[in-house]
Structures are given as structure tokens and as C-alpha cells.
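> coordinates for the following, if possible.
(one chain, ligands or ions: 1)
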Amino acid sequence: MKYQFMRFPGGKAKAVTLSYDDGCREDLQFAEIISRHGFKCTFNLNGDGLKGDRAFSRETIEENFLSKGHEVAVHGYFHRAEGTLRPIEGIQDVLNCRLELEHKVGRIIRGMAYPNGGITRFSNGASYDRVKQYLTDLDIAYARSLGGDNGLFRMPTDWHNWIPTAHHDNPKLFDYIDSFLNQDLSPAHNLADRHPRLFYLWGHAFEFARNKNWDRLDEICEKLGGKDEVWYATNIEIYDYTKAYESLIYSADGKMIYNPTVTKIWFDVDGTEYTIEPGQTITLDI
Ligand SMILES: [Zn+2]
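As a prediction, the model looks like this:
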């Protein structure tokens, strides 16, 4: 055996996830369009104390987001940048947002997108290490960063600094989409570079209204949606699946593998696909 790589559910090597912020009314139109094309999105919401009568009701969130398989996540109760807050203020903004969202929708909420510049600048005693520590203590599993699209299709290496591939208005967006769809992950390809590929798109739905470019969303959906070889998933689904894969237990020679999770897991060893059911132990034929 040379290399083993995670594969997404169904044995797919590629995944697409979306992340949209601020809980604006254009989210509803956006959700309707992307749902029709099979995308899954994480909607990052603020506290009712900030949004006032523009806050989404429990029924609106259920009908437009959760019942369509989307995720709702924390975006700071008062939309304050963690990098400029004293840690106790940051803790309050994240925890209050999480508590309110969970009480409102009746689900466990573990995801987040940094608001308002997030961790791109630091003052008042904040540092990335301290922010990451309190997010971990608050059971925030991941947090999407701002500060520049990376144009890459890599899985995050630091879940509390999850850098997206591209904003939807990125001028290179359609080049990135073409490149993503053309990634060659066949066994004939370089065996060491068959990592799973992730396309992470982010933005604010109100930008489509402000820039009068809803047609751009249609084009994105046409090009990036509806692909059999792609797993369309929310941020937390990507996180949970990856953590399940990382929980596999191996014999010393790597040939016996036990799945202690409740998730069916796919992976690839030197071009051969394997699946392993929850609770199952398999022996690789290598
Ligand atoms: Zn925001």
C-alpha cells in the first residue's frame, strides 16, 4: 500500500459547500434557487437583538433552510469581530448567538463564520490562539475565515481558520469552477495527489441584489450544480464526515481497519475503493 485517501459519501472524490452570511431577506430567494440545483448551504445568522423585526422566525428558518437540508450557524450575536474584542466579549457574542439559535430552532448548532473581519486583525488583547481556545471551549467545531479567498480545493487543516475557495464575485470564479471540475483523480493520476477536493463558495445573498447580478448565481448553479461526481454538503456535514473518517482504527500493518463511528465511510487505497459500515472491521486485500 502506498497511499490512502478519504472519499466522500458514495465514494465521491469531490465536494461542494456554500456559506452565506448575515441572515438577510435575500437569503430566501437565494435558498430557493440553490435548493433547486441540489446545493447545500450553511446560513450564518446573528442574534435577534441585532436584527430586530428583520430576524427570521423559527418557521422561516425551518421552511426555507433546515427542511431543505441546509445548516444554520453562528455569526456573532451582535456581529462583532473576534479579533478586536477582549476575549470575554468575544465569548459572549458567540455563546449568546449559539444559545439563542439553538433555542429557536431546536437543534444543536456547532458551526460558525467569523463576522466583520473576524480574525484578520487583532487588538485589545485578542490573539488567534485565544480566540481558537474559547471557540473550542464553546464547542464551536469550525469557523470560516475572511481575509482572502485561497482559490484552492483543499480540505482545511485548521477548522477554526477555514479559508474558502472563492467569494461568488471573485473575478476568477468561473476559472476556479472549470479547474475544480477538471481535476483528475483517477488512479492513473499521480498516486500521491489524490486528496479529496473541496470547493467552498461564500458570500452574502444581498450582494446579488445590490450588484444586480442574480444571473451570476444562475450561471454558478448551472456550472457547479447537478454533478454526479460531487457531494453537495453543508459545512458541518463536511466536518462531521471528515472527523468520522479520522476516527478509523488501524492494525499496525494498516490492513485491518475498524469503524467505531455511526457513519458509513468511503476511502481509496492506491485506486481501489473501500467502504466500511458502522461497527465493522475489514481487512484490505493488499
Ligand atoms: Zn457578516
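> which stretches of this structure form strands?
4-7, 14-21, 41-45, 71-74, 166-167, 197-203, 230-232, 249-250, 256-258, 265-269, 272-276, 281-283 (DSSP state E).
> and among the ones you listed, the most buried is which?
Ranked by mean neighbour count under mean count of other Cβ atoms under 10 Å, those are led by strand 41-45, which reaches a mean of 28. From N, CA and C alone the C-beta is placed, and that goes for glycine too.
> which residues touch Ala141?
Applying Cβ atoms under 8 Å, 6 or more residues apart in numbering, one finds that Ala141 lies in contact with Arg110, Gly111, Trp159, Ile236, Tyr239.
> packing partners of the worst-scoring helix or strand of the chain on mean pLDDT?
Between all helices and strands in the chain, the lowest mean by mean pLDDT, DSSP states H and E belongs to helix 48-51, at a mean of 91. Helices and strands touching helix 48-51, by 3 or more Cβ pairs under 8 Å, 6 or more residues apart in numbering; DSSP states H and E: there are none.
> does stretch 6-21 reach the ion?
Yes. Against the ion, stretch 6-21 shows contacts by Cβ under 5 Å from the ion at Asp21.
> pop out the phi and psi values for the closest residue to the ion within the stretch 101-250 of the chain.
Residue nearest to the ion within the stretch 101-250 of the chain: Pro115 (4.5 Å; Cβ to the ion). In this entry, Pro115 is assigned phi and psi values of phi -90, psi 150 (degrees, to the nearest 10).
> okay, and which of the contacts of Ala141 map to helices?
Ile236, Tyr239 (DSSP state H).
> if you rank the contacts of Ala141 by neighbours, which is first?
Gly111 (26 neighbours; other Cβ atoms under 10 Å).
> circling back: tabulate the contacts of Ala141 (a markdown table), appending distance to Tyr134 and pLDDT.
Formatted as a markdown table, the contacts of Ala141 follow (distance: Cβ to Cβ, whole Å; pLDDT from 0 to 100):
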| residue | distance to Tyr134 | pLDDT |
| --- | --- | --- |
| Arg110 | 14 | 98 |
| Gly111 | 16 | 98 |
| Trp159 | 15 | 98 |
| Ile236 | 19 | 98 |
| Tyr239 | 19 | 98 |
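> of the contacts of Ala141, closest to Thr281?
Tyr239 (25.1 Å; Cβ to Cβ).
> pretty sure the closest one contacts Met112?
No. With contact defined as Cβ atoms under 8 Å, Tyr239 does not reach Met112; the gap is 11.1 Å.
> what's near enough to touch Tyr134?
So Tyr134 contacts Pro87, Gly90, Ile91, Val94 (Cβ under 8 Å, 6+ apart).
> correct me, but the last one touches Arg110?
No. With contacts defined as Cβ under 8 Å, Val94 does not count as touching Arg110, sitting 11.3 Å away.
> export the strands of the chain as CSV, with columns for mean pLDDT.
CSV is the format used below for the strands of the chain (pLDDT from 0 to 100):
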stretch, mean pLDDT
strand 4-7, 97
strand 14-21, 98
strand 41-45, 98
strand 71-74, 98
strand 166-167, 96
strand 197-203, 98
strand 230-232, 98
strand 249-250, 98
strand 256-258, 98
strand 265-269, 96
strand 272-276, 96
strand 281-283, 98
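> just put the ones you listed in TSV and tack on distance to Gln133.
Converted to TSV, the strands of the chain look like this (distance: least, Cβ to Cβ, whole Å):
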stretch	distance to Gln133
strand 4-7	27
strand 14-21	23
strand 41-45	21
strand 71-74	16
strand 166-167	28
strand 197-203	24
strand 230-232	31
strand 249-250	28
strand 256-258	32
strand 265-269	30
strand 272-276	34
strand 281-283	36
